[in-house]
Structures are given as structure tokens and as C-alpha cells.
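> sequence below, structure please.
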Amino acid sequence: MNTWILPEVKKDIDALRQEELVQKRNAESETFLSKGLSPNYVLIDAALWGTDIDILLLDPTIQYRSLFRGSTGEELWSVAPYLVDISTNEKLVQTIKEKDPIERRVTWLSSSLDIDELRKHLRRFLRMRKEDKSYIYFRFYDPYVVNVVFPNLTAEQSIDFFKVINYIITDDKRINERRFFYISSERKLEIKHQTL
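Predicted coordinates:
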């Protein structure tokens, strides 16, 4: 069989394949956004909430876990990131939404893992190695950080982070935009934007 193709024809074939890929991504994106997304967890940064974090800490019916553990978790409880199960607590969801969305921003997410398994997964990303091999805290639970850093993750990093997370939703009230982050069927990080 002859596999030789004229350069002009190859260019046309490549353009058609690219167009098909874009159409497939757009269709997948529309399907994703039309699902009526309902996250079952929220990440709250206690450092941004001050005494308002008491909505979690003083209510025994709310299931939450600090992402910090041990003596660090005890010492830094008032500024720790918290993973909160919101799957059965619509009142809590409303309370969170009513708080100042610029000062007390949160990151919404969906996962089929239970809270302890998801906490274990998320804890892996609390520190990031710098070029000089030292570590810094990585505030992936802050939507402003998500919006800046996640688009710059490598494919491998994205897949590692999202392997047990269906999607993340961030709201940026400063620019009146909601962003959806998820891994596509082609194993690429997709970011969809929606006006609030």
C-alpha cells in the first residue's frame, strides 16, 4: 500500500483532524457543563475566615477534616485548610455562599472518595519543591491560586492531582467568573469559564 501523501493534502488532513478534535472537545465540554454539577466537598482556608470558621468547629453535625495533622494541625488549627463534606448539608452550603466571596473564598470539588481518603490524597499537595530543593506550602485550596497555577501544571501533574477528583469549581468575584477544572477523556486538563 502506498502511504505517500502530497504535503498539501497532508496539511488538509491534519486541519480536518484538528477540527474534529476541537468539535469533540466542545461537545464534551457542553456535556460536562450541562450535567447540573453538584460538588460534594468544599475546601475552606481558615486563615481567610477568622472567627467565621466557627460554623464548622462548633457544629458537631458537620463532617470536616483539617489538611494539617499532628502538632502542626494543633498549632495551626485557626489558619489550616479544611476539607468539608457538604453532600448532605444544604444549610451549610447556603451559609458558605452567603459569606463574603472575595474575602472568604472557597474551592468546591467533587470526588467519589470518602472524606478521609480524599484528605489523604489532598495532603500530598500541601508542599511544593522549589528549584533549590527546599519546600514551600502550596495553597492549592485557594481559588486564586488554582486559577493561576493549575493552567500551568504539566499533564502529568494534572492527572496526578485529578485522579480521584471529578472536578473543581472556583469563583472569582473580582472578575465575575466561575471556572471548572477537570480532566478530559483525552487525559488533558480542561478549564471552562462561565460568567457569574
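
> every contact and neighbour count from this point should use C-alpha atoms.
Fine.

> quick one: the strands in the protein, in order.
For the chain, strands defined by DSSP state E occupy the ranges 41-45, 64-66, 81-85, 106-110, 127-129, 135-137, 167-172, 177-183, 189-195.

> what would those look like in CSV with mean neighbour count and mean pLDDT?
Output for the strands of the chain, formatted as CSV (neighbours: other CA atoms under 10 Å; pLDDT from 0 to 100):
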stretch, mean neighbour count, mean pLDDT
strand 41-45, 24, 95
strand 64-66, 20, 95
strand 81-85, 23, 96
strand 106-110, 22, 95
strand 127-129, 13, 87
strand 135-137, 11, 88
strand 167-172, 21, 92
strand 177-183, 19, 93
strand 189-195, 15, 90
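
> reformat the ones you listed as TSV; add distance to Ile13.
Formatted as TSV, those follow (distance: least, CA to CA, whole Å):
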stretch	distance to Ile13
strand 41-45	44
strand 64-66	52
strand 81-85	48
strand 106-110	39
strand 127-129	42
strand 135-137	47
strand 167-172	33
strand 177-183	27
strand 189-195	25
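
> mind checking which of those strands is nearest Leu16?
Closest to Leu16 of those, according to CA to CA: strand 189-195, at 21.5 Å.

> run through who's touching the closest one.
29, 151, 155, 158-159, 176-184 (CA atoms under 8 Å, 6 or more residues apart in numbering).

> how does it look with 10 Å?
Here strand 189-195 makes contact (CA atoms under 10 Å, 6 or more residues apart in numbering) with 25, 29-30, 32-33, 147, 150-159, 162, 167-173, 175-184.

> spatially nearest residue to the residue nearest in space to the middle of the chain, not counting backbone neighbours?
In the chain, the residue lying closest to the centroid (CA atoms, centre = their mean) is Ile168, at 3.1 Å. Excluding the flanking residues, the one nearest Ile168 by CA to CA, 6 or more residues apart in numbering is Leu109, at 4.3 Å.

> wait, Lys99 sits on Trp49?
Yes: when contacts are counted by CA atoms under 10 Å, Lys99 is listed as touching Trp49 (9.0 Å).

> which residues are common contacts for those two?
Arg105.

> neighbour count: these two, which is higher?
Trp49 (19 against 13; other CA atoms under 10 Å).

> what's the distance between the more buried one and Glu98?
Note on Trp49: its distance to Glu98, by CA to CA, to the nearest Å, is 13 Å.

> next: Ser66.
Where Glu98 is concerned, Ser66 sits at a distance of 22 Å (CA to CA).

> can you check Val148 too?
Taking CA to CA, one finds Val148 at 25 Å from Glu98.
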